[in-house]
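Colleague: what follows is a predicted protein model with its sequence.
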Amino acid sequence: MQNRSPAPPPDPDAPGVLVLGGSGCIGRHVCAAFARHGHRVTVVARTPAPHVAAHAFRSLDLLTAPADALSQLLTDTGAQVVVNATDMAGATDVTSAADGGEQRAAELLAANAGLARTLTQALQQCAKPPRLVHLGTIHEYGPGQRGVPLAEDLTPRPTNAYARAKLAGSQAVLAAANTGVVDAAVLRLVNTVGPYPTPASFPGKLLPRMRAAALAGEPLTVTVAAAMRDWVDVRDVAEAVVQAARRPLTKRVFNIGSGVAVPMRELVTHLLAAAGLPRTALDEDTGPVRSLGADWVQADIRRARTVLHWQPRIPLPQTCKDLWDAGRTSR
């Protein structure tokens, strides 16, 4: 894995950051990034997890917690930053969540928008409201035009329940920020990849199958969509969150991605190389693959470069190697 300096011991006088959903696949990297930058991190989730044991932990059901409870938590921890790294699709496959029927759509909408509204209410109750960094998704825009990067000034037109629910959460945050009642940034993330992926993601599903194929010395049959996707290392995402928490904000919405549309076949090739599997080990099936987005996704990340002074740094082959290497250790 890429060499990174260890996080310094928590300093009680260091700026505090509260990471909602900090034990999740993105949240754990966000916590690590803030710790490396000298912040005092508190993880908020229903249950603790071993991989974030180095940080303070507060148990809270974010689906049901009232604004008063969140406001008190912010005050008690002295947080100067709060990150909403939750993904209210839950542990299920988000591609299934996208078309799970009217009841599932209503649940997703209530969870994402509900938490966002509760959080903005909680911030308004604080004597010194911390900055909020809210994590959305590039799928909030809906399908774009092939060959044209998705920019922040596009009118969002999401096409599935998951993306509509995420957009509702982002809009609740932006409505509060645009009226000046909270200080907030919304980061719209492309597909993330890197160490410890969610099992519901394409890399997360592929990883155990690759490991089994490598052990058995047998070919691996993978359905590879004829699609182009923007992939960004989850650790680069975490650095973007830190910069969004620290920089002056002249804008409120930022796309976070690599800025490059990559063929799905290229991603699979990098994963095979990381696993030490030859390209001939892949039996490719070019059938359809369910997805949350269009067949072509590329983020315009110029605003993040200009305002946040952020840019992706970890190349995709290194990301895939680190993902494979991390899979050999406990989560």
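Modeller: Thanks, I have it.
Colleague: by mean pLDDT, point me to the weakest helix or strand of the protein.
Modeller: Here the helix or strand of the chain ranked lowest by mean pLDDT, DSSP states H and E is helix 94-97, holding a mean of 49.
Colleague: chain neighbours aside, what residue packs nearest to Arg247?
Modeller: Residue nearest to Arg247 in three dimensions, not counting chain neighbours: Leu308, with 5.3 Å by C-beta to C-beta, 6 or more residues apart in numbering. From N, CA and C alone the C-beta is placed, and that goes for glycine too.
Colleague: please disregard the earlier target; I meant Leu60.
Modeller: The shortest distance from Leu60 to any non-neighbouring residue, by C-beta to C-beta, 6+ apart, is to Val44 (5.4 Å).
Colleague: again with Lys251
Modeller: In space, Lys251 is closest to Val307, 5.5 Å off (C-beta to C-beta, 6+ apart).
Colleague: pLDDT wise, what is that neighbour at?
Modeller: Here the pLDDT value assigned to Val307 is 98.
Colleague: same question, Ala7
Modeller: So, for Ala7, pLDDT stands at 50.
Colleague: ok, now Thr280?
Modeller: Looking at Thr280, its pLDDT reads 76.
Colleague: now it: how far from His270?
Modeller: Distance of Thr280 to His270, given as C-beta to C-beta, to the nearest Å: 16 Å.
Colleague: quick one, what contacts Ala176?
Modeller: By C-beta atoms under 8 Å, 6 or more residues apart in numbering, the contact list for Ala176 reads Thr120, Leu123, Gln124, Val182, Ala184.
Colleague: how about a cut-off of 7 Å?
Modeller: By C-beta atoms under 7 Å, 6 or more residues apart in numbering, Ala176 lies in contact with Thr120, Val182, Ala184.
Colleague: list the residues that contact the last one.
Modeller: If a contact means C-beta under 7 Å, 6+ apart, then Ala184 has Arg131, Leu132, His134, Val173, Ala176, Ala177, Arg252 as its contacts.
Colleague: just list whatever residues bridge to it.
Modeller: Leu132 (DSSP bridges).
Colleague: so where's the protein shaky on pLDDT?
Modeller: Scanning the chain for pLDDT under 70 picks out the ranges 1-12, 88-100, 283-294, 329-331.
Colleague: one more pass at 50, please.
Modeller: Counting by pLDDT under 50, the chain has low-confidence residues at 1-5, 90-94, 97, 331.
Colleague: look at His134 and tell me its secondary structure.
Modeller: Three-state assignment for His134 (DSSP: H, G, I helix; E, B strand; the rest coil): strand.
Colleague: my guess is it meets Asp183, correct?
Modeller: No. His134 lies out of contact with Asp183 (C-beta atoms under 7 Å); the separation is 11.5 Å.
Colleague: show me which of those two is the more surrounded one.
Modeller: Counted by other C-beta atoms under 10 Å, His134 and Asp183 do not tie: His134 has more neighbours, with 31 against 15.
Colleague: who are the contact partners of that one?
Modeller: Asn84, Ala116, Ser170, Val173, Ala184, Val186.
Colleague: next up, the contacts around the second one.
Modeller: Put plainly, it is Ala116. Taking C-beta under 7 Å, 6+ apart, one finds His134, Gly169, Ala172, Val173 in contact with Ala116.
Colleague: and it, what helix or strand is that in?
Modeller: helix 101-124 (DSSP states H and E).
Colleague: Ala177 against Arg252, yeah?
Modeller: Yes. Counting by C-beta under 7 Å, a contact exists between Ala177 and Arg252, whose distance comes to 5.4 Å.
Colleague: and these two? Which one has more around it.
Modeller: Ala177 (21 against 18).
Colleague: what about that one, distance to Pro208?
Modeller: Applying C-beta to C-beta, the value for Ala177 to Pro208 is 41 Å.
Colleague: and Val48, what are its phi and psi?
Modeller: I think there's a mix-up here, since residue 48 is Pro and not Val. Per-residue torsions, Pro48: phi -70, psi 160 (degrees, to the nearest 10).
Colleague: quick one: neighbours of the closest residue to it other than its chain neighbours, just the number.
Modeller: Of all residues not flanking Pro48 in the chain, Phe57 sits nearest, at 4.9 Å (C-beta to C-beta, 6+ apart). Neighbours of Phe57 under the rule other C-beta under 10 Å: 17.
Colleague: go on, Glu152?
Modeller: Glu152: 18 neighbours (other C-beta under 10 Å).
Colleague: perfect, I'm done here.
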